[in-house]
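Student: heads up, no residue letters with this:
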Ligand SMILES: Cc1ncc(C[n+]2csc(CCOP(=O)(O)OP(=O)(O)O)c2C)c(N)n1
Ligand code: SF4
Ligand code: SF4
Ligand code: SF4
Ligand SMILES: [Mg+2]
């Protein structure tokens, strides 16, 4: 194959998928694109996850739950809604709405334990349990408030 | 569109995440804490370029993407190049009037690891900054080539055990000191340069917002504690980051227009550098008696650097 032929067959970045003709750099709308949403992504920053129309390509629709051997359990009774767990979670797995902590997204949580470490309450409002531990049993076995010297 | 409030954490938590879960970064990885926060601290449209490294390979595993913004993956050395190219095209099309949505606010951001920033993409970053593109480059500095198994980079600090600077009978690990990218980028002509750490979330968000609002090239060095290669438990990422900032191993400061240096965080209780090193497996060998001199050297360097930063801050030059 001549160099000229190779270049004319090289369509990287030149062809809009489904388009028939070659287009210039200033006409390209997209090359190979994975769309995160079914509809257009305008104002996505003002839409909460539940108001978005995620496409099958967004990792939001996937799960990493099988990575966990331990899981964080959340106890609403002690929580002060400080949002420490929300800001430090590396897996976007703390569900907060209207300044309130609502719970854990177990589809995306990997069980790293960071949220438990940064929780400031006494006792903590988040604790790690074995993945198969029953949630009600976990809450029932929640520790008492620790005294200062024990901390 | 209003900028998300970072006044306090409760306000900030109303931001709608644009970095999705079920990416494949290690549990407890600080890269994602930094990226999440960048995307949460602005409502603007973002065009993000990311080169090869842990962040890229873990957030775009076909057929999935974890990005809710425009996102470009490019080769190892070219995060800055891709962001600069997109920015130049955007400006040209704006001038020609061919943008579909010319009034939508848009910001250009590049993410690179320290391997790509300090070493392999160094000249391309330098070029993009020198040409004055309006973009923010964020280095996710975990002080090693983590994605390929922990080789040393020019960001790896003295004494760290890495696969290509191993500690053992004849060596205490890497011999050379960490390169000062903050000073280099300030001298390179970056309009705004800042060092940030995810444990200081507000300090980091403010630096991100400043960088995004600044016209011209900005460089942010974000300390990214790496549970796998620094060898600490995944739950301790924030704890290790606290030790890093409070021992002044990673002082948090900014440099505006190459000369105005401001220290942005002063720890109330400065802790010994030893406490930071002792929390990580990559420095374990330094606590053998024959390596005591490295620990002393470390503390001396950190003290001298803090002194230098304080003098630069006072001098305003
Ligand atoms: C030109 C080139 N050289 C080498 C590689 C192999 N490679 C892929 S990721 C990586 C390490 C990345 O290190 P860093 O930039 O520090 O990012 P990290 O993974 O630590 O976040 C290397 C060496 C590559 N992809 N391209
Ligand atoms: S365990 Fe880790 S991933 Fe799971 S919610 Fe807590 S911080 Fe997030
Ligand atoms: S860190 Fe603890 S107290 Fe704060 S919001 Fe999370 S669970 Fe509640
Ligand atoms: S190796 Fe380090 S930087 Fe890479 S994903 Fe794991 S923790 Fe993050
Ligand atoms: Mg790295």
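Tutor: Done, it's in. The structure displayed is predicted, hence computed values, not measured ones. Ligands and ions are numbered 1, 2, ... in the order given.

Student: is stretch B:172-183 up against ligand 1 anywhere?
Tutor: No - Stretch B:172-183 does not reach ligand 1 (Cβ under 6 Å from any ligand atom); its nearest approach is 12.4 Å. All C-beta atoms are positioned from the backbone trio N, CA, C, and that covers glycine.

Student: and that stretch, how far apart are its ends?
Tutor: In stretch B:172-183, first residue to last residue: 27 Å (Cα to Cα, to the nearest Å).

Student: Identify the residues contacting the residue nearest the centre of chain A.
Tutor: Per Cα atoms, centre = their mean, the C-alpha nearest to the average position across chain A is that of residue A:92, at 3.5 Å. Applying Cβ atoms under 8 Å, 6 or more residues apart in numbering or on different chains, we find residue A:92 in contact with A:105, A:108, B:17, B:19-21, B:32, B:36.

Student: quick one: which of the residues you listed sit in helices?
Tutor: Among the contacts of residue A:92, the members found in helices (DSSP state H) are B:32, B:36.

Student: As CSV, the contacts of residue A:92 with distance to ligand 2, pLDDT and neighbour count would be great.
Tutor: Formatted as CSV, the contacts of residue A:92 follow (distance: Cβ to the nearest ligand atom, whole Å; pLDDT from 0 to 100; neighbours: other Cβ atoms under 10 Å in any protein chain shown):
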residue, distance to ligand 2, pLDDT, neighbour count
A:105, 7, 96, 19
A:108, 7, 97, 23
B:17, 12, 97, 19
B:19, 13, 98, 24
B:20, 13, 97, 24
B:21, 8, 96, 24
B:32, 9, 98, 26
B:36, 11, 98, 24
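
Student: How is chain A divided into domains?
Tutor: A:1-62, A:64-142 (automatic domain parsing).

Student: Any buried residues in the longest helix seen in chain B, and which?
Tutor: Longest helix in chain B by number of residues, with DSSP H as the criterion: helix B:292-315. Using 16 or more other Cβ atoms under 10 Å in any protein chain shown as the test for burial, helix B:292-315 gives B:294-295, B:297-299, B:301-302, B:306, B:309, B:312.

Student: pretty sure residue A:145 belongs to a helix, no?
Tutor: No - counting by DSSP: H, G, I helix; E, B strand; the rest coil, residue A:145 falls outside a helix, being coil.

Student: phi, psi of it?
Tutor: Note on residue A:145: backbone dihedrals following degrees, to the nearest 10 are phi -60, psi 130.

Student: List the residues that contact it.
Tutor: Taking Cβ under 8 Å, 6+ apart as the test, what residue A:145 contacts is A:122-123.

Student: and if you look at residue B:71?
Tutor: B:47-50, B:60, B:65.

Student: What about those, which are in strands?
Tutor: Residues of those located in strands (DSSP state E): B:47-50.

Student: Poorly predicted segments of chain A, please.
Tutor: Across chain A, the ranges flagged by pLDDT under 70 are A:1-32, A:149-151.

Student: Tell me where it has strands.
Tutor: A:70-74, A:94-97, A:100-104, A:126-130.

Student: What residues of the shortest one count as buried?
Tutor: So that's strand A:94-97. A:94-96.

Student: Repeat that for the third one.
Tutor: Neighbour-count burial for strand A:100-104, with 16+ other Cβ under 10 Å as criterion, is recorded at A:101, A:104.

Student: could you give the angle of it to strand A:126-130?
Tutor: Angle, strand A:100-104 to strand A:126-130, by axes from the mean of the first three to the mean of the last three Cα atoms, to 10 degrees: 10 degrees.

Student: coming back round to it: adding distance to residue A:145, write the contacts of residue A:92 out as CSV.
Tutor: Listed next are these as CSV, based on distance: Cβ to Cβ, whole Å:
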residue, distance to residue A:145
A:105, 28
A:108, 31
B:17, 33
B:19, 36
B:20, 37
B:21, 32
B:32, 33
B:36, 32
